[in-house]
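*Asks:* Pasting the sequence and the predicted coordinates here, then a few questions.
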Amino acid sequence: MSKKTKRSGFKVMMRLIGMVKPMTGFMVLSVIMGLIGNICATYIPVLGGFAILNVLGVSKAVSVKAAFILMLVFAVVRGGLRYAEQGCNHYIAFRILALMRHRVFQSLRKLAPAKLEGKDRGDLINLITSDIELLEVFYAHTISPICIATLFTIVMCVFIGQFSWILALLALAAYLLIGVIIPLIVSKASGDNGLEFRNQSGDLGTYVLDSLRGLSEIIQYGRGEERKDEMVSRTDALSETQRKMNKTEGRNYAVTNTAIFAADLCMIFVASLLYTKGMITSFAGVLIPTLALMSSFGPTVALANLGTGLQSTFAAGNRVLDIVDEQPQVEEITGKEPVTFSGADVDHVSFDYGGDTILDDVNLEIPDHAFIGITGRSGSGKSTLLKLIMRFWETKQGEISVSGTNVNEINTANLRDMESYVTQETHLFHDSIANNLRIAKLDATQEELEAACKKASVHDFILTLPQGYDTPVGELGDTLSGGEKQRLGLARAFLHDAPLMLLDEPTSNLDSLNEAVILKSLTEAREGRTVLLVSHRKSTMRIVDKEYSVENGRMS
């Protein structure tokens, strides 16, 4: 993977907001409901103030009866709008998160396999699950609160300004201090704690997943205590980062509440001072603005509380955007004329990975209907050559062509349809055997499944299982032996029925009897099929028409 990008919080926020476009109508509705709801909540005590003024005979603007009726109506409306606003916000959030997961999976598909081979699986799982889930806070509790607070501030400043423009400016200063300045200071004070926490969480997930996968080796060699101590150490580091974030959050709450208390005192003091100097002619100009300010900090407090939370949110957003923005090493090809397989050629191909030369000026002719064998020591580049033919990577020098057409000019889907690739390690999904096989052909009938499994010498074994082809395969295929998984991988290749089969050590985990059955099946199925076979075994090489040897990246 490329180096992670550290974007500013503002850039991350703008990118995340840009993803709201499909839900703009719902977002506007949410902001309107939130604005009206907060106005209702604020005006409940304001109406109470008008009722008190009426009783005291200071102001008859609102009767006591009307005030209490309106207070009741506002309370009911506030409750209903609050529920509707939150429901709308969460609908927006979960829809956008679904779209975001779709975009992330699209990006991962484009990046695979070249850009993902060195990526920690645990970190990827953490990103797809917890990082994206954390963005729910941004979409449900950040965007609309910012819009609501902005509009609400304007409404309240206009209302308070009817009594005194000085009090309106004081209210504006209070709103800006609590809703903007304090969150910015807290966000800056948090530093990179949010990003550090997300990265540490991803690293811990990778370590735990790695430990679970290697549990047998850990037990066998007595390394349990060391792995446990390292896990505890990483957990403690994660907890320490969380403690720092909680400490900053606690300070944020304390500073915010102190600022609110100070703003209320300032409003009382300034309003009273203006009243004594005759700049406010009625006691209503003291009581109503003070009550209005005291009851109107809900939207701005919501912004203040975002200060520390946004650090984690932006850190998660930054990690998600790293995947979305990552450029694939191999672009998918579309829009070309379909190609029918009639042989393949490797012409003066060289390839290096991370500066290390893997293949050096390799030439290979793969005629149609031929069986070609490749031997060589481990690390000589045999598997890399098959991946280049599959176009998992692109060649650095030279050209690989299928049917006389450069693989870089063949539609990716077309190329994969023409090729079946069996790797050394067969991956099985946590699903039934039948569904694991149907990855090669989604609409395969039961008869086709059985025919492919018979060719791979695994049909009889499947029939001995409790549910036959419907038997669930354990996670990572751990309920099966290496040989059984390898035969299922071969069955997939037979089911795919591509004209070019690329087999990478297809019999390495098989005994001689099952190897003989599979080689016999390959020989019998050679009509209409070309096979490129990589193997260490001399017995496997007996069926090939021509054998090549790869040593130190060169072919002979």
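*Replies:* The structure has been received and is ready for your questions. Numbers count the residues shown, from 1 in each chain.
*Asks:* which outside residues touch stretch 90-102?
*Replies:* Contacts with stretch 90-102, where a contact means Cβ atoms under 8 Å, 6 or more residues apart in numbering, come from 19-20, 22-23, 26-27, 30, 128, 132-133, 135-136, 138-140, 320. In short, each C-beta sits where N, CA and C put it, glycine included.
*Asks:* go again using 10 Å as the cut-off
*Replies:* Identification of contacts with stretch 90-102 by Cβ atoms under 10 Å, 6 or more residues apart in numbering yields 16, 19-27, 29-30, 128-129, 131-144, 317, 320, 324.
*Asks:* hmm, which of the residues you listed are the buried ones?
*Replies:* Burial by neighbour count, 16 or more other Cβ atoms under 10 Å: within the contacts of stretch 90-102 this picks out 16, 19-20, 23, 26-27, 29-30, 128, 131-132, 134-144, 317, 320.
*Asks:* any idea which helix or strand comes after the worst-scoring helix or strand of the chain on mean pLDDT?
*Replies:* Lowest mean confidence among the helices and strands of the chain (mean pLDDT, DSSP states H and E): helix 121-126, at a mean of 70. Taking DSSP states H and E as the definition, the helix or strand that follows helix 121-126 towards the C-terminus is helix 132-141.
*Asks:* I'd like to know which elements that next one is packed against.
*Replies:* Here helix 132-141 touches helix 9-18, helix 64-111, helix 306-325, going by 3 or more Cβ pairs under 10 Å, 6 or more residues apart in numbering; DSSP states H and E.
*Asks:* ok and the helix or strand that comes right after that helix relative to helix 9-18, angle-wise?
*Replies:* Going down the chain from helix 132-141, the next helix or strand is helix 143-161, by DSSP H and E. Interaxial angle, helix 143-161 versus helix 9-18 (axes from the mean of the first three to the mean of the last three Cα atoms, to 10 degrees): 100 degrees.
*Asks:* Can you tell me the SS state at the closest residue to residue 163 other than its chain neighbours?
*Replies:* The shortest distance from residue 163 to any non-neighbouring residue, by Cβ to Cβ, 6 or more residues apart in numbering, is to residue 285 (4.1 Å). Under the three-state scheme (DSSP: H, G, I helix; E, B strand; the rest coil), residue 285 adopts helix.
*Asks:* What is the burial count for the residue nearest to residue 317 when sequence neighbours are not counted?
*Replies:* Excluding the flanking residues, the one nearest residue 317 by Cβ to Cβ, 6+ apart is residue 12, at 4.6 Å. Number of residues near residue 12 (other Cβ atoms under 10 Å) recorded here: 22.
*Asks:* List the residues that contact residue 12.
*Replies:* With contact taken as Cβ under 10 Å, 6+ apart, residue 12 is in contact with 6, 138, 310, 313-321.
*Asks:* Now do it against residue 320, distance only.
*Replies:* With distances defined as Cβ to Cβ, to the nearest Å, the gap from residue 12 to residue 320 amounts to 9 Å.
*Asks:* swap in residue 330?
*Replies:* In this structure, residue 330 and residue 320 are separated by 22 Å, where distance is defined by Cβ to Cβ.
*Asks:* Please enumerate the strands of the chain.
*Replies:* In the chain, the strands defined using DSSP state E lie at 344-353, 356-366, 371-375, 397-402, 405-406, 419-422, 500-504, 530-534, 546-551, 554-555.
*Asks:* Specify the angle between the third one and strand 530-534 in degrees.
*Replies:* When you say that, I think you mean strand 371-375. Relative orientation of strand 371-375 versus strand 530-534 (the same axes, to 10 degrees): 10 degrees.
*Asks:* returning to that earlier point: which pair in the contacts of residue 12 spans the largest distance?
*Replies:* The most widely separated members of the contacts of residue 12 are 6 and 138, with 18.2 Å between them, by Cβ to Cβ.
*Asks:* can you map out the helices along the stretch 451-556 of the chain?
*Replies:* With DSSP state H, counting those that start in this stretch as the criterion, the stretch 451-556 of the chain has helices at 459-463, 482-496, 512-524.
*Asks:* Which residues belonging to the second one are considered buried?
*Replies:* By neighbour count, and taking 16+ other Cβ under 10 Å as the criterion, the buried residues in helix 482-496 are 483-496.
*Asks:* again with the shortest one
*Replies:* Of all the residues in helix 459-463, those buried under the rule 16+ other Cβ under 10 Å are 459, 461-462.
*Asks:* Could you do stretch 344-358 as well?
*Replies:* Of the residues in stretch 344-358, those buried (16+ other Cβ under 10 Å) are 344-346, 349-351, 358.
*Asks:* for the stretch 201-350 of the chain, what are the low-confidence residue spans?
*Replies:* Screening the stretch 201-350 of the chain residue by residue with the criterion pLDDT under 70, one finds the ranges 306-311.
*Asks:* where in the protein is pLDDT low?
*Replies:* Scanning the chain for pLDDT under 70 picks out the ranges 1-6, 115, 117-122, 190-191, 195, 306-311, 475-478, 553, 556.
*Asks:* Just give me the longest helix of it.
*Replies:* The helix spanning the most residues in the chain, taking DSSP state H as the definition, is helix 224-276.
*Asks:* on that earlier part again, can you tell me which of the contacts of residue 12 are buried?
*Replies:* In the contacts of residue 12, burial by neighbour count holds for 138, 310, 313-321, counting by 16+ other Cβ under 10 Å.
*Asks:* Could you chop this structure up by domain?
*Replies:* Per automatic domain parsing, the structural domains of the chain span 11-193+248-325, 344-555.
*Asks:* Any chance of CSV for the ones you listed, columns distance to residue 229?
*Replies:* What follows is the domains of the chain, written out as CSV (distance: least, Cβ to Cβ, whole Å):
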stretch, distance to residue 229
domain 11-193+248-325, 19
domain 344-555, 26
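*Asks:* how about those, which one is nearest residue 207?
*Replies:* Taking Cβ to Cβ as the criterion, residue 207 comes closest to domain 11-193+248-325 out of the domains of the chain, the separation being 6.9 Å.
*Asks:* For that closest one, measure first residue to last.
*Replies:* Its first and final residues considered, domain 11-193+248-325 spans 13 Å by Cα to Cα, to the nearest Å.
*Asks:* Let me know the angle separating the longest helix of the chain from helix 143-161.
*Replies:* For helix 224-276 against helix 143-161, the angle between stretch directions is 20 degrees (the same axes, to 10 degrees).
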